[in-house]
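# I would like to see how this sequence folds:
(2 chains)
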Amino acid sequence: MATTTPQAATDPLDADPPLTLRDPALAAFLAWLVPGLGHLYQGRTAKGVLFMVCILGTFIYGLFLGGGRVVYAQWRPEKRLPYLCQIGVGIPALPALVQASRARSGKPLLFGSEFMAPPRIEPGRNELADLHLKFHRYFELGTVYTMVAGLLNMLVIYDAFAGPAYYGRDEEDEDEARAGDTGPPAGS
Amino acid sequence: MQTLSEIWFALPLIVAISLVYAGTRHEAMGVILGHAARVGGWIAGCMSLIWIFLLLVSWWL
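So this is what the prediction gives:
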């Protein structure tokens, strides 16, 4: 368990609270499973709730825009690369893997519906084209929303593992320090 | 007009991205909200400039 204390802040309302990164590896794993869960585990409740609302809200809204079909896993015949970003939200995107496995083996799909199931591409019928026709631009919008949610959770996972980047100092201080680093060394 | 109404789809993304980005930079909620407001303003400003540029180009072409 790593505990650090911040530098003194001029405004007490803006002072960083004492930070305890309880079991960073487990917290990072929990943060991947459910966005914000790693922070809740570490007792960083406000940030945990903030991340959970923002990321799950974005993911669910994207899923809604695309009728529950924008998150699916497929490698053949077409690689569904956006899923590599979407899987960043953890459990909420995992049913797509189960649906892909069941669709491949011919078993009945989960939930008795095509929710997160890969589109069927058969000779003479491309369901992906049908989905684009049905949802129009909202299919792409939903894909972008769910991808952004997954990518944002990568930042959250790192924050659960290593703590915030500017802990105990302003980003202006950070910029000044960075600017100082880039200057030529004295006497050279 | 339809294109204008679709710009509103960017708003939830800007809010979510700003809050999460700022949240991973600080620990105090007051600082997070202030940083998120600045980041959101920058994103909206840059997107607006690009939108105006593209609008002008579309008029010119």
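# buried residues in stretch B:33-47, which are they?
By 16 or more other C-beta atoms under 10 Å in any protein chain shown, the buried positions in stretch B:33-47 come out as B:35-36, B:39-40, B:43. Every residue, glycine included, has its C-beta placed from N, CA and C.
# from those residues, which are also near chain A?
Checked against chain A using C-beta under 8 Å from any C-beta of the partner chain, these give the following subset in range: residue B:35.
# so of the buried residues of stretch B:33-47, which ones are in strands?
Among the buried residues of stretch B:33-47, DSSP state E puts none in strands.
# among the buried residues of stretch B:33-47, name the ones in helices.
Of the buried residues of stretch B:33-47, the ones assigned to helices by DSSP state H are B:35-36, B:39-40, B:43.
# would you format the residues you listed as JSON lines with distance to residue B:16 and pLDDT included?
JSON lines is the format used below for these (distance: C-beta to C-beta, whole Å; pLDDT from 0 to 100):
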{"residue": "B:35", "distance to residue B:16": "14", "pLDDT": "95"}
{"residue": "B:36", "distance to residue B:16": "10", "pLDDT": "97"}
{"residue": "B:39", "distance to residue B:16": "11", "pLDDT": "97"}
{"residue": "B:40", "distance to residue B:16": "10", "pLDDT": "97"}
{"residue": "B:43", "distance to residue B:16": "11", "pLDDT": "96"}
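# of these, closest to chain A?
Within those, proximity to chain A (C-beta to the nearest C-beta) peaks at residue B:35, which comes in at 7.0 Å.
# nearest spatial neighbour of that closest one, chain-adjacent residues omitted?
Distances taken as C-beta to C-beta, 6 or more residues apart in numbering or on different chains put residue B:22 closest to residue B:35, at 3.8 Å, once the chain neighbours are dropped.
# for chain A, see how far away the most centrally placed residue in chain B is.
In chain B, the centroid-proximal residue (C-alpha atoms, centre = their mean) is residue B:44; its distance is 3.0 Å. Counting by C-beta to the nearest C-beta, to the nearest Å, the gap from residue B:44 to chain A is 16 Å.
# just checking, the residue nearest to residue B:35 touches residue B:41?
No - counting by C-beta atoms under 8 Å, residue B:22 does not reach residue B:41; the two are 11.8 Å apart.
# low-scoring stretches of the chain, by residue?
All of this is about chain A. Along chain A, the parts satisfying pLDDT under 70 run over A:1-15, A:168-188.
# not quite, I wanted chain B
Within chain B, the stretches with pLDDT under 70 are B:1-4.
# which stretches of it form helices?
Using DSSP H, helices in chain B cover B:2-6, B:10-23, B:29-60.
# dump the ones you listed into a markdown table; add distance to residue A:117 as well.
Listed next are those as a markdown table, based on distance: least, C-beta to C-beta, whole Å:
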| stretch | distance to residue A:117 |
| --- | --- |
| helix B:2-6 | 28 |
| helix B:10-23 | 26 |
| helix B:29-60 | 34 |
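# closest one to residue A:115 among the ones you listed?
Of all the helices of chain B, helix B:10-23 sits nearest to residue A:115, with 22.1 Å by C-beta to C-beta.
# chain center to the closest one, what's the gap?
8 Å (C-alpha atoms, centre = their mean, to the nearest Å).
# what of stretch A:98-110?
25 Å.
# is the longest helix seen in chain A in proximity to chain B?
As assigned by DSSP H, the longest helix anywhere in chain A is helix A:137-162. Yes - Helix A:137-162 reaches chain B (C-beta under 8 Å from any C-beta) through A:137, A:141, A:144-145, A:148-149, A:152, A:155-156, A:158-159.
# tell me the angle that helix makes with helix B:10-23.
10 degrees (axes from the mean of the first three to the mean of the last three C-alpha atoms, to 10 degrees).
# in helix A:137-162, what counts as buried?
A:138-139, A:141-153, A:155-157, A:159-161.
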